[in-house]
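Chemist: structure here, sequence nowhere to be found:
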């Protein structure tokens, strides 16, 4: 008896009431866990307070720095992480599993350790310190320090997404392209990349999300950010460090207000992306970014 | 000219060895590559296409050695298993692809012409995901032809097509032979396709060429059970099962005529159910009407034998358990197995 099966568009599975209740309880619990702390934030931060935070120049500077640094981190992921993902997906080489494990490492290492590790790597006086300073990319307390930490913790998501997406491209479709006259580069640009693009973009979104939310490594490498490189504003810090400071100094209401502001921005961004994917106006959804 | 010759080609894939394979491909000729699963049919096609390295031998087109050329330089129209259509491109831009990658400015215009010819014009702006099986096959073939290939390689055409779509595609293939004058290599499991379009056959068994030749050679020398079934023999028996027959039985009689791999014979066609003539008698196990008459299976001792009976007068169907007498013509019985001197047909 498939009551109502024909009425709605998709097939309806007949499930018992207990099964349905179990599903609702389990999914509902997780959603509550996501939503309750956020709701708590908003109860602490009334709308006028959030508005005040939004118009506070110190907050907008921190926001600007955070978006600038995370944007550069995403660019770095595009340039370095996508080729690594492609390599892992398409080449069989000795020590591949070692490379795969290395890629997964930043995801599991506590991020404070990342900061400490980078700190020791670029100790003043070390060759790397002299090199980075000489080429005009000083790390400590600059945007480059922020970017370095962000890339370290977030690029693996793009590597993994690119690896999976390139793997998912049907080899026979690729062979068809090659046999029809496309050289390796043309086949990559016209077939492999457009077909993998959607998954890669999902990975880049995760990379961005991970980058903006980073604090551990930044606390050590770039607690305060002085102007230099692409950042030319006043001395500031990333939004995460900014909120941490407010919290540490007992300014709970402002900490809640700034956090809420950031959550709103992040939510709107993700919502727009999802909406774009659903309605199909984002190019990667149609797989048509390239000819 | 588009005359290809494949000379002693050997290739390996994952421990499987194909070859040596020799093949002559003339313009407008269709070669069907047959063989059971794992015989190396797709491996042969992928080797010809340049996706697997040639370990020995060479591939030559009009005197030019293509053995070590990459796939894009071989002038191919390759239709892989599953068709390999581009899911992110419309039908029109799937078909224009071979021209686009060659930098042809008339790519879309040519694509439109081909879509028109294959009856796909109204589907030009659809994605492959929204087409039927028959339409997909035609798009794949149109795309393969768009670059004016010197050789069409086609893996398992019309695997899941209905009768109508098969007929349509058969017509297209016939046209391809006559208009485009391109040699075609078709890999197939389907006897009806093979016999309707192929000029010659190449049979692979475990990576080796088991037989090459035209349809007559195929039918005259089905050297094993697979080929015998492929050639349309329904009654195929291996040696061991015949040798168990008691003296004087049909099994024993066939056993005397069997080769090393057994025996095959065409369906006996007795005149009617009640006809008293015939050397052998069987009990009807099943009967179903087909366009060519009644397909009947009878049991003779331990053997199951397929017969064909004329269409019965309305309502009279030989019921299960009825007895039927029939003859097996001596000259219709084929010994299966490698003959003393291997008859090797030449492939045009």
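Modeler: Cool, the structure landed. If you're wondering where the values come from, they're calculated on a predicted model, not measured in any experiment.

Chemist: looking at whichever helix or strand residue A:276 is part of now, give me its mean pLDDT.
Modeler: According to DSSP states H and E, residue A:276 maps onto helix A:252-279. Per-residue pLDDT values over helix A:252-279 give a mean of 87.

Chemist: and it, what does it pack against?
Modeler: Here helix A:252-279 touches helix A:17-44, helix A:47-55, helix A:57-76, helix A:193-212, helix A:239-248, going by 3 or more C-beta pairs under 8 Å, 6 or more residues apart in numbering or on different chains; DSSP states H and E. The way it works is simple: take the backbone N, C-alpha and C, and place the C-beta from them, glycine included.

Chemist: in space, what's closest to the residue located most distally from the centre of chain B - neighbours in sequence excluded?
Modeler: In chain B, the greatest distance from the average C-alpha position (C-alpha atoms, centre = their mean) is reached by residue B:276, at 39.3 Å. With C-beta to C-beta, 6 or more residues apart in numbering or on different chains as the criterion, residue B:276 has its nearest non-adjacent residue at 6.4 Å, and that residue is residue B:325.

Chemist: equivalent analysis for residue B:298, please.
Modeler: The shortest distance from residue B:298 to any non-neighbouring residue, by C-beta to C-beta, 6+ apart, is to residue B:282 (3.0 Å).

Chemist: if the one you found is in a bridge, with which residues?
Modeler: Note on residue B:282: beta-bridge partners by DSSP bridges are residue B:324.

Chemist: any chance of the helices and strands packed on helix A:252-279 in CSV, plus distance to residue A:148?
Modeler: Converted to CSV, the helices and strands packed on helix A:252-279 look like this (distance: least, C-beta to C-beta, whole Å):
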stretch, distance to residue A:148
helix A:17-44, 29
helix A:47-55, 28
helix A:57-76, 9
helix A:193-212, 11
helix A:239-248, 15
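
Chemist: which of those sits most buried?
Modeler: helix A:193-212 (a mean of 22; mean count of other C-beta atoms under 10 Å in any protein chain shown).

Chemist: now the next helix-or-strand element following it: average pLDDT?
Modeler: Going down the chain from helix A:193-212, the next helix or strand is helix A:216-221, by DSSP H and E. Helix A:216-221 shows a mean pLDDT of 91.

Chemist: what are the contacting residues of helix A:216-221?
Modeler: A:110-116, A:118-119, A:139-141, A:145-146, A:148-150, A:152-153, A:237-238, A:240-241, A:244 (C-beta atoms under 8 Å, 6 or more residues apart in numbering or on different chains).

Chemist: next: stretch B:68-76.
Modeler: The contact list for stretch B:68-76 (C-beta under 8 Å, 6+ apart) reads A:175, A:178-183, B:49-51, B:54, B:61, B:66, B:78, B:101, B:144, B:147, B:149-153.

Chemist: with stretch B:286-305 instead?
Modeler: Residues from elsewhere that reach stretch B:286-305 (C-beta under 8 Å, 6+ apart): B:235, B:237, B:241, B:244-246, B:249-251, B:268-269, B:280-285, B:306-312, B:317-320, B:324, B:326.

Chemist: kindly report the same for stretch A:229-249.
Modeler: Contacts for stretch A:229-249 (C-beta under 8 Å, 6+ apart): A:58-59, A:61-66, A:68-69, A:72, A:136-137, A:142-144, A:146, A:212-215, A:218-219, A:222-227, A:252, A:254-255, A:258-259, A:262.

Chemist: before we move on, the earlier item: looking at the contacts of helix A:216-221, which are in helices?
Modeler: Residues of those located in helices (DSSP state H): A:111-116, A:118-119, A:145-146, A:148-150, A:152-153, A:240-241, A:244.

Chemist: quick one, which of the residues you listed are buried?
Modeler: Taking 16 or more other C-beta atoms under 10 Å in any protein chain shown as the criterion, what is buried in these is A:111, A:114-115, A:118, A:145-146, A:148-150, A:152-153, A:240-241, A:244.

Chemist: noted, bye for now.
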